[in-house]
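*Asks:* Prediction below, plus the sequence it came from.
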Amino acid sequence: MTVTVNHDHLAHRLVSEGTRAHSDALAALAAAVRDIAPGAAAALTDWDGSEVARLRAYAVAREAVRAEAQARLDQIRVAAHERGGFVLTA
């Protein structure tokens, strides 16, 4: 999964500018999380749904991305440890 959305700034912009103003970013996020958070993915681009539902779906999708990234990092750390190595993190 690759997501190039800057979540730190997008959350604020979604609230202040509305989700329709960022439909491209939400569509990209929905595509990225479709397999790990299908309900959130569907709600992110459901333009017949409420604004609140899309904002909530954004929060769920953002957490799914974070959890997936953490799981991958944990796998890398375990593999490095098994090889007698280490992982540098910034």
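*Replies:* Received it, and whenever you're ready, just let me know what you need. Numbers count the residues shown, from 1 in each chain.
*Asks:* for the strand or helix carrying residue 69, the distance to its chain's centre please.
*Replies:* Using DSSP states H and E, residue 69 falls within helix 51-82. Centroid displacement of helix 51-82 relative to its chain, using CA atoms, centre = their mean, to the nearest Å, is 7 Å.
*Asks:* Ok, stretch 80-88 next?
*Replies:* Centroid displacement of stretch 80-88 relative to its chain, using CA atoms, centre = their mean, is 27 Å.
*Asks:* Quick one: low-confidence residue ranges for the protein.
*Replies:* By pLDDT under 70, the weakly predicted segments of the chain are 1-8, 87, 89-90.
*Asks:* 90 instead?
*Replies:* By pLDDT under 90, the low-scoring segments of the chain are 1-12, 68-90.
*Asks:* burial of the residue nearest to residue 20 when sequence neighbours are not counted, as a residue count?
*Replies:* Leaving out its chain neighbours, the residue that sits closest to residue 20 by CB to CB, 6 or more residues apart in numbering is residue 47, at 7.4 Å. From N, CA and C alone the C-beta is placed, and that goes for glycine too. The burial count assigned to residue 47 is 9, neighbours taken as other CB atoms under 10 Å.
*Asks:* next one: phi and psi at residue 47?
*Replies:* phi -80, psi -10 (degrees, to the nearest 10).
*Asks:* Check the spacing between it and residue 80 real quick.
*Replies:* 44 Å (CB to CB, to the nearest Å).
*Asks:* got the buried residues for the helix or strand containing residue 31?
*Replies:* In the assignment (DSSP H and E), residue 31 maps to helix 23-33. Within helix 23-33, the residues scored as buried using 16 or more other CB atoms under 10 Å are 25, 26, 28, 29, 30, 32, 33.
*Asks:* which strands and helices sit next to the helix holding residue 69?
*Replies:* helix 7-17, helix 23-33, helix 38-44 (3 or more CB pairs under 8 Å, 6 or more residues apart in numbering; DSSP states H and E).
*Asks:* who wins for proximity to residue 88 among those helices?
*Replies:* helix 7-17 (22.8 Å; CB to CB).
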